[in-house]
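Asker: Quick one: sequence and predicted model below, then my questions.
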Amino acid sequence: PLTSTSKTTFKSKVDLRQQLVDMTTHILDNENFLSKLLRLQLLDILDSDGAILVYNHLVKMFDGNADEAEEYLDTPGPLLNQEETSWEHRLPLLSASPYSVPADCSGLWPLCVEIEAFSRKLVSPATRMEILNNEEQMNHIRNKAIGHIGALSKEECRYLLQNWLLSLSMCDVSFFVTISPAESLDMDMHHNRRSSRRRMVSDFAEDTLETLHHQGSLSGQEGILVDSDGSAWYYTIKAVDCDKKPASKLRHRAESESAIKYFEEKKK
């Protein structure tokens, strides 16, 4: 909800710090800012090694030209259409993605199914240890995934990697909760501003992309909190350090991984 009218129980003589902690806890518990942020952070269905493999495959499709591949990745992909719901039902792993799924998912679909199946096997601690300690089985799973990556189109690579980079950005954000006495505000102006921002609040992911490409900070949610004394407090939640991660980050990570593997091979 955008506002909270339920009264929070505060002790009348608590210090200001404890009161602020209680109010902040109540705000974050009632708003869905953190849950939305978490869903964006979980868009990295590929680990670093997997992202590098997809990146290298994309570069190959640009005839080895990494600059062109990165320019393609840095160009915002089409955003999800409100009518595009079938993919969300088929693949919950990427249901929070603000990007529109490529029209042809013939390469992406089997890879995502493989990732989802592997993720489910790791839920049970006993099964997880059995799989992770079985080198032959792990190599089999990895080789299947590599085979699926080799079948990805440019559009499918961009879709996966842009989600991966978005997740990376969301894992680096900081956020502030600002609380001030509501009587110090022009409430009519507050309600008008909140109404004008309703689309931004309801479509957090899409607004996040707009923020990453242009602003670098994100005003997530705002509302009114009424405490047990009847005092009204206006609050806002704002995320900062929302800088967009450039595609070149994938190249640098690939180079770092290559250097590590080189030294490991030299030790053998």
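Answerer: Cool, the structure landed.

Asker: going forward, measure contacts and count neighbours with C-alpha atoms only.
Answerer: Will do.

Asker: Contact partners for the residue nearest to the spatial centre of the chain?
Answerer: Geometric centre of the chain, nearest residue: Leu40, 2.1 Å, by C-alpha atoms, centre = their mean. The contact partners of Leu40, taken as C-alpha atoms under 8 Å, 6 or more residues apart in numbering, are Ala96, Ser97, Leu166, Ser167, Met170, Ala205.

Asker: helix or strand for it, which one?
Answerer: In this assignment (DSSP states H and E), Leu40 forms part of helix 33-41.

Asker: Point out the other helices and strands that the next helix or strand after that helix packs with.
Answerer: Where DSSP H and E defines the elements, the next helix or strand beyond helix 33-41 is helix 48-61. If contacts are counted by 3 or more C-alpha pairs under 8 Å, 6 or more residues apart in numbering; DSSP states H and E, helix 48-61 sits against helix 66-74, helix 135-149, helix 154-170, helix 248-267.

Asker: make it 7 Å
Answerer: Here helix 48-61 touches helix 66-74, helix 154-170, helix 248-267, going by 3 or more C-alpha pairs under 7 Å, 6 or more residues apart in numbering; DSSP states H and E.

Asker: what's the most buried one of these?
Answerer: Comparing the helices and strands packed on helix 48-61 by mean neighbour count (mean count of other C-alpha atoms under 10 Å), helix 154-170 comes out on top with a mean of 23.

Asker: list the buried ones in stretch 140-154?
Answerer: Of the residues in stretch 140-154, Ile141, Ala145, His148, Ile149, Ala151, Leu152, Ser153, Lys154 count as buried by neighbour count, 16 or more other C-alpha atoms under 10 Å.

Asker: Output those residues as a markdown table; include the columns pLDDT and distance to Met23.
Answerer: Formatted as a markdown table, these follow (pLDDT from 0 to 100; distance: C-alpha to C-alpha, whole Å):
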| residue | pLDDT | distance to Met23 |
| --- | --- | --- |
| Ile141 | 88 | 48 |
| Ala145 | 91 | 47 |
| His148 | 94 | 49 |
| Ile149 | 95 | 48 |
| Ala151 | 95 | 51 |
| Leu152 | 96 | 48 |
| Ser153 | 96 | 49 |
| Lys154 | 96 | 48 |
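
Asker: Please produce JSON lines containing those, extended by distance to Ala232.
Answerer: Output for those, formatted as JSON lines (distance: C-alpha to C-alpha, whole Å):
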{"residue": "Ile141", "distance to Ala232": "56"}
{"residue": "Ala145", "distance to Ala232": "54"}
{"residue": "His148", "distance to Ala232": "56"}
{"residue": "Ile149", "distance to Ala232": "54"}
{"residue": "Ala151", "distance to Ala232": "57"}
{"residue": "Leu152", "distance to Ala232": "54"}
{"residue": "Ser153", "distance to Ala232": "54"}
{"residue": "Lys154", "distance to Ala232": "53"}
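
Asker: Number of residues surrounding Gln61?
Answerer: Actually, residue 61 is Met rather than Gln. Neighbours of Met61 under the rule other C-alpha atoms under 10 Å: 15.

Asker: I misspoke; the intended subject was Ala117.
Answerer: 11.

Asker: go on, Gly50?
Answerer: Gly50 sits with 17 neighbouring residues when counted by other C-alpha under 10 Å.

Asker: and what of the one 5 residues further on?
Answerer: Around Tyr55 sit 25 other residues, with neighbours defined as other C-alpha under 10 Å.

Asker: re earlier: mean pLDDT lowest for which of the helices and strands packed on helix 48-61?
Answerer: Set side by side, the helices and strands packed on helix 48-61 give their lowest mean pLDDT on helix 248-267, at a mean of 76.

Asker: nearest to Leu108, of the helices and strands packed on helix 48-61?
Answerer: Nearest to Leu108, of all these, is helix 154-170, at 6.1 Å by C-alpha to C-alpha.

Asker: Now that closest one - C-alpha only, CSV.
Answerer: Only the C-alpha atoms of helix 154-170 are listed here, as CSV (Å, rounded to 0.1, in the frame of the first residue of the first chain):
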residue,chain,number,x,y,z
LYS,A,154,21.6,-12.3,-30.5
GLU,A,155,18.2,-11.3,-29.1
GLU,A,156,18.2,-14.1,-26.6
CYS,A,157,21.8,-13.3,-25.5
ARG,A,158,20.8,-9.7,-25.0
TYR,A,159,17.8,-10.6,-23.0
LEU,A,160,19.7,-12.8,-20.6
LEU,A,161,22.7,-10.5,-20.2
GLN,A,162,20.6,-7.3,-19.8
ASN,A,163,18.7,-9.0,-17.0
TRP,A,164,22.0,-10.2,-15.5
LEU,A,165,23.4,-6.6,-15.6
LEU,A,166,20.2,-5.2,-14.1
SER,A,167,20.5,-7.7,-11.3
LEU,A,168,24.1,-6.6,-10.7
SER,A,169,23.0,-3.0,-10.5
MET,A,170,20.2,-3.8,-8.1
